[in-house]
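Visitor: sequence first, then the predicted structure, then my questions.
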Amino acid sequence: MKTEFIAYGTDLSKVDYTEVPRCNEWRKGDQHMLAADAECLYRSLRPKPKRVLDYWLDNEVRTYKAADMVRELGLKSPSTLAGATSSYTTNGRKCGDRGLQFHWNRTMEDGTFYWMEQDVRDMFIAARGRCRQSKITIED
């Protein structure tokens, strides 16, 4: 299904992401460089942004409403969630000059919602595993 707009609840397995470019930066380069950049980003995250990313990695691939994530993660507000996710851009630029590893959208009916693509999610699950094994962190 080709689309430039993802609605909340969309079956993400049927979306043609070539029309939604936000995560394409996490497909450029060879697999070793992508893995290293994902690991660099994961290591560089502060606790709150890391907790948000872990939420996506620990749950199935689907769209997540910001309000639900705020409640489930115990955050103060959707603004807190947005602030946490903004660090992915800053840190991603330091780690291979990559952008967001997730998608987001906002509608009047559903508010803001987020999702990750399966292959990008899998890459970050593997990166998280390597980070947890080595216990090395990156300081600001």
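Guide: That came through fine.
Visitor: tell me the centre residue of the protein?
Guide: Phe102 (3.6 Å; C-alpha atoms, centre = their mean).
Visitor: gap between that one and Arg71?
Guide: Going from Phe102 to Arg71 by C-beta to C-beta, to the nearest Å gives 19 Å. For every residue, glycine as well, the C-beta is placed using N, CA and C.
Visitor: can you check Gln118 too?
Guide: For Gln118, the distance to Arg71 - C-beta to C-beta - is 25 Å.
Visitor: output the lowest mean pLDDT helix or strand found in the chain.
Guide: Lowest on mean pLDDT, DSSP states H and E among the helices and strands of the chain sits strand 103-107, with a mean of 83.
Visitor: what's the next secondary structure element after it?
Guide: strand 111-115 (DSSP states H and E).
Visitor: contacts for that next one?
Guide: 6, 8, 12, 56, 61-67, 69, 78, 82, 85, 102-107 (C-beta atoms under 8 Å, 6 or more residues apart in numbering).
Visitor: relative to strand 103-107, how tilted is that strand?
Guide: 160 degrees (axes from the mean of the first three to the mean of the last three C-alpha atoms, to 10 degrees).
Visitor: buried residues in strand 111-115?
Guide: Of the residues in strand 111-115, Thr112, Phe113, Tyr114, Trp115 count as buried by neighbour count, 16 or more other C-beta atoms under 10 Å.
Visitor: fine by me, thanks again.
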